[in-house]
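# any chance you can model this:
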Amino acid sequence: MTRSAHDFITPQTLSVLSKNPVHTEFFNGNAEWNSHVALAEWADLLLIAPLTANTLAKMANGICDNLLLAVYLSSRNKTMVAPAMDLEMYNHATTKENLEKMSKHNVIIIPAEKGELASGLSGEGRMAEPETIFHKVIDHFNKGLPLAGKKVLVNAGPTYEAIDPVRFIGNRSSGRMGICIAEEFVKQGADVTLVLGPTHLFPKLKEIKLIRVETAEQMLHACISAFEKANITVCCAAVADYKPAAVSDKKIKKNSKELELKLSPTTDILKTLGERKKNGQFLVGFALETDNILDYAADKLKKKNLDLIIANKAGEENSGFSSENNRISILDKHNKITNFELKPKVEVAQDIVDHILKNLH
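Down below sits the predicted model:
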């Protein structure tokens with residue numbers, strides 16, 4: 001913090017909130033040296049927010065009269081700034097010149113936004129919202145990741161097919177595997193859309209575009225819509241193969257007679273996407289089987305125009321549905337099979353995304 005920053009918030013407050021020490025001077029209260037060089041080398045990115053007109057002018061002209069400026073001048077990594085000042089100051093010719101000079105020095109500038117200012121005026125000069133700054137930081141680090149700029153579609157979870165307003169046909173899928181895969185794609189820099197069926201689980205990463213659905217038909221339409229622009233698609237959802245041919249608009253009452261339920265097939269989402277697949281699109285499916293697992297998976301891979309298929313066994317202890325673990329095999333178009341040990345689904349997701357990356361290249 002600069003000394004002027006103390007007029008707005010105390011170092012003690014920031015230290016408590018961040019659970020980290022706050023550096024202000026070259027020497028702390030115990031006369032210990034705060035090395036600006038060590039701080040500069042430690043940081044992967046130096047972010048100054050808010051950046052005042054005063055600090056901007058000093059940075060642009062190499063002035064070094066406080067710890068912050070010493071860290072900036074010692075840093076060999078990227079610097080990002082978010083200017084914040086009054087309307088007239090922000091639009092002043094010298095401020096514009098200083099920002100232009102900083103830009104030429106490869107400093108990333110997050111432009112100020114319009115809004116209410118500290119002076120009470122309203123206009124350009126308000127610091128960009130923290131969410132905006134956060135996403136700029138994420139974008140900066142994502143540029144070096146293998147899937148930066150790629151769009152990924154993942155579907156996950158079960159579907160519920162209504163019998164009446166109370167009952168439904170469903171399955172035991174929790175959606176955990178697909179959520180883990182979606183989160184791993186984000187960590188590799190991808191722009192991820194997750195179409196998620198009814199489940200109590202949800203992704204922790206806010207970068208994921210989440211589309212909640214309930215039925216197979218809703219999932220079909222959501223997937224078709226997102227598939228058009230997707231570079232990679234992973235269909236992990238346990239979609240119902242059948243749905244009631246007729247849905248009662250009232251609760252079906254129990255009586256002593258047998259109840260016959262007529263079922264009709266749902267549209268095969270994976271096959272539909274395989275038929276729509278264009279050159280350059282990479283399509284991955286899942287095959288959950290009880291027997292002849294690899295044979296069924298190989299047949300599914302070919303019939304549905306897939307690039308890879310992930311096979312696993314239903315009913316295996318401590319694996320699959322409602323479990324935090326999974327044991328998979330991956331088959332490619334050249335009949336190569338790669339088997340994996342039982343692992344937590346977070347690690348299985350890493351294996352799957354790793355395998356997709358290798359096959360993409």
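
# which residues in this protein form helices?
All helices of the chain, identified by DSSP state H, fall at 11-18, 36-42, 53-60, 67-74, 87-91, 93-104, 130-142, 176-187, 216-227, 269-276, 293-303, 345-360.

# for Ile138, give its distance to Ala246.
Note on Ile138: its distance to Ala246, by C-beta to C-beta, to the nearest Å, is 48 Å. From N, CA and C alone the C-beta is placed, and that goes for glycine too.

# these two: which has the busier surroundings?
Ile138 (13 against 9; other C-beta atoms under 10 Å).

# name the nearest residue to that one, ignoring sequence neighbours.
Ranked by C-beta to C-beta, 6 or more residues apart in numbering and with sequence neighbours excluded, the top spatial neighbour of Ile138 is Glu207, at 6.8 Å.

# what does Leu263 give?
What sits nearest to Leu263 in space, not counting adjacent residues and going by C-beta to C-beta, 6+ apart, is Tyr242, at 3.9 Å.

# what does Leu45 give?
Closest to Leu45 by C-beta to C-beta, 6+ apart is Lys78, at 5.4 Å.

# so who does the one you found touch?
Shown in contact with Lys78 (C-beta atoms under 8 Å, 6 or more residues apart in numbering): 45-46, 106, 108, 140.

# and those, which is closest to Leu99?
For those, the minimum distance to Leu99 (C-beta to C-beta) is 11.5 Å, reached by Ile108.

# quick one: contacts for the closest residue to the closest one other than its chain neighbours?
Here the nearest residue to Ile108 in space, its sequence neighbours aside, is Met80; by C-beta to C-beta, 6+ apart that works out to 4.2 Å. By C-beta under 8 Å, 6+ apart, Met80 lies in contact with 45-48, 107-110, 136-137, 140.

# ok, so of those, who is nearest Pro198?
Nearest member of the contacts of Met80 to Pro198, counting by C-beta to C-beta, is Val137, at 34.0 Å.

# quick one: contacts for that closest one?
By C-beta under 8 Å, 6+ apart, the contact set of Val137 is 45, 47, 80.

# now swap in Lys253 and tell me
Taking C-beta under 8 Å, 6+ apart as the definition, Lys253 has no contacts.
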